[in-house]
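J.: Requesting a structural model of the entry that follows:
(2 chains)
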There are 2 protein chains.
Amino acid sequence: MEVHIFEGHPNLAESASHQFLKAGRPADSHYHQLANFNSSDILLHRDLILAADRIVLQFPLYWYQAPALVVDWLNQVLADNFVKRHASQLAGKDFGLVISTGQPLSSYQSGGREAYTVSEMLRPYQMLANRLDFNYLPVFVLAQHSYQSPESQQLNLVAYQSHLSLPRQADFIQRSNWLLDQLPTDLLGEVGDLFMAVCRDRLNELESMQFMIKEGDFNDR
Amino acid sequence: MEVHIFEGHPNLAESASHQFLKAGRPADSHYHQLANFNSSDILLHRDLILAADRIVLQFPLYWYQAPALVVDWLNQVLADNFVKRHASQLAGKDFGLVISTGQPLSSYQSGGREAYTVSEMLRPYQMLANRLDFNYLPVFVLAQHSYQSPESQQLNLVAYQSHLSLPRQADFIQRSNWLLDQLPTDLLGEVGDLFMAVCRDRLNELESMQFMIKEGDFNDR
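T.: Alright, predicted model coming up:
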C-alpha cells in the first residue's frame, strides 16, 4: 500500500509531537512537508496524490482548524479542474487525518471544555472526503504528547504506525498479524521463533473457524 | 452597536456575492478587507476587535472551510498572549459568520449532497466562540446568489442587513420596529406617515400586552 503523509506543521523544528510522528512513521511510507510547498510543486503533489492508495494529512490544531498553509495547499492542489478531470482516479483512496492537540482528549465531548468531539470539529474534512469519494479513516489524535510517560508514548507510536499501515477497518486477525510482523524476532532467538509460530498457528485456526461459521450461516438460510 | 465586518474573499472584484454584501452592508457598520491585511496591521485589527460589539467574519467556502487568508488572520490576530491578556474584554461580544456558497442550502442536511448542516460544518468557529466567551450568532448563508431572481436578492439584502443590525435573538417586536425604521417614509407621503403611525401603535400595544402577560405569569406562581 502506497501511503503518502503530508505534514502541515508550519514550524516542525519546534514541535516535539510532530518530530515524534516524523521519526515514528512507517518505514515504507512517503513523507512531504507542506511548509516547503510552493506553487511550482502543484503538479508534483497532484501526481503524488494520484499515486497514493492512502493520503494522510498531519497537522496541529490552531483555533480548531488546520494551519493556513494546509488550507492553502488543499485549495491549490485540489483545484476544481484537477478534481473533475481525475474524479474516477481519486475515488476509493483512503484519506486519514493525524492531528496533535495540547488538550486532553476528554475535553472534546459534550460537557467537556471544548463541548464538541474531534469528529464534529473535523467535519469539513469528512465532507471533503465524501465529495471526492475518498474512504475517510478514523482520525488519529496525538493529545498532550509532551506530558506523557515514555510508556504511553511508546503505545502511541505503535497505534500511529498501525493506523497508517493497517487496512481500513482491519479485523482482529489482521491487527494481530500486523503486530507479529513488527516484533523483532532476531532478538528473541529460538524461543521467539517458537512463540511466533504458535501465534501464527492460532491466528490461522481462528481464521478457518471464522470462515466455517460464515459458510454455515450461508447454508442455514 | 459597533459592528465590524471582516471580509475574507481573496478576490473581491470577481465575486458577485461578496460585492453584493459589500454594497448592502448596514450604513453604520465598519468594513475591513482581509485580503489587504498584513502583519503590520495586527495591532490595529486587535484594537478593532476590542472596540467592536459585534464581529462578523464574511467569507466564501473553499472545500468546506474559510480561505487560507482568513485562517491566517485569525491566528495572527488572536495570538495566545493577546487572548489571555484581554479575556475579560473579549467576553460577551457578538460573533457572526456570513458565508457564501454555490450550493443550494438544501444540500446541507442529512441525505443531502453534502450530508451535514452548515452548523455542523462550521463547528470550529462555534468552538472558537465558546472558548472566547463570544455570543455565537446564527450563521447567515448567501446560497447561489447569482442564480436568484432580483426579488429573492432583495429579500436576501433585507435579511442580511437585519442579521447584522438586530440585537441577538431579537423578538417579533424588535424585528418589526427595525423593519419600520428601514422604510423610506418620505417616498410614501402622508399615507405612509399614517401607515407608520398605525404600525408603531400596534407594536406598542403588543408590547404592553406581552408585559402584562409576563407579570400575570409571575403573580400566578
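J.: Show me what from chain A comes close to chain B.
T.: Residues of chain A that fall close to chain B, judged by C-beta under 8 Å from any C-beta of the partner chain: A:62-69, A:71-72, A:74-75, A:78, A:114-116, A:120-121, A:123-128, A:130-131. (Each C-beta comes from the backbone N, C-alpha and C, glycine too.)
J.: In helices, which of those residues appear?
T.: Secondary structure from DSSP state H places A:68-69, A:71-72, A:74-75, A:120-121, A:123-128, A:130-131 of the residues of chain A next to chain B in helices.
J.: give the contact list for residue A:101.
T.: Residue A:101 makes contacts with A:60-61, A:141-144, as judged by C-beta atoms under 8 Å, 6 or more residues apart in numbering or on different chains.
J.: What of residue A:100?
T.: By C-beta under 8 Å, 6+ apart, the neighbours of residue A:100 are A:15, A:17-18, A:21, A:59-61, A:141-143, A:145.
J.: Mind doing that once more with 6 Å?
T.: A:17, A:60, A:142 (C-beta atoms under 6 Å, 6 or more residues apart in numbering or on different chains).
J.: Excluding chain neighbours, what is closest to the second one?
T.: Take residue A:60 and drop its neighbours on the chain: the residue closest to it by C-beta to C-beta, 6 or more residues apart in numbering or on different chains is residue A:100, 4.8 Å away.
J.: again with the last one
T.: Spatial nearest neighbour of residue A:142, excluding adjacent residues (C-beta to C-beta, 6+ apart): residue A:100 at 4.5 Å.
J.: From residue A:36, how far out is the spatially most central residue of chain A?
T.: With distances taken as C-alpha atoms, centre = their mean, residue A:164 lies nearest the centre of chain A, 3.8 Å away. For residue A:164, the distance to residue A:36 equals 21 Å [C-beta to C-beta, to the nearest Å].
J.: For the helix or strand bottoming out on mean pLDDT in chain A, name the packing helices and strands.
T.: Least confident helix or strand of chain A, by mean pLDDT, DSSP states H and E, is helix A:185-220 with a mean of 78. If contacts are counted by 3 or more C-beta pairs under 6 Å, 6 or more residues apart in numbering or on different chains; DSSP states H and E, helix A:185-220 sits against helix A:172-182.
J.: the inter-axis angle of the helix it packs on versus helix A:185-220?
T.: Here the directions of helix A:172-182 and helix A:185-220 differ by 170 degrees (axes from the mean of the first three to the mean of the last three C-alpha atoms, to 10 degrees).
J.: What are the buried residues along helix A:172-182?
T.: For helix A:172-182, burial by neighbour count (16 or more other C-beta atoms under 10 Å in any protein chain shown) applies to A:176-178.
J.: Quick check: pLDDT value at the nearest residue to residue A:16 once chain neighbours are set aside.
T.: Leaving aside its sequence neighbours, residue A:16 sits nearest to residue A:146 (C-beta to C-beta, 6+ apart; 5.1 Å). Note on residue A:146: pLDDT of 87.
J.: likewise residue A:96?
T.: 97.
J.: Just give the strands next to the helix or strand hosting it in its sheet, each with its orientation.
T.: Using DSSP states H and E, residue A:96 falls within strand A:94-101. Applying DSSP bridges, strand A:94-101 is found paired with strand A:54-60 (parallel), strand A:135-136 (parallel), strand A:140-143 (parallel).
J.: now what about the shortest one, what contacts it?
T.: The reference is to strand A:135-136. Contacts of strand A:135-136 (C-beta under 6 Å, 6+ apart): A:94-95, A:126, A:129, A:168.
J.: Give the single residue among the residues you listed positioned nearest to residue B:201.
T.: residue A:126 (52.7 Å; C-beta to C-beta).
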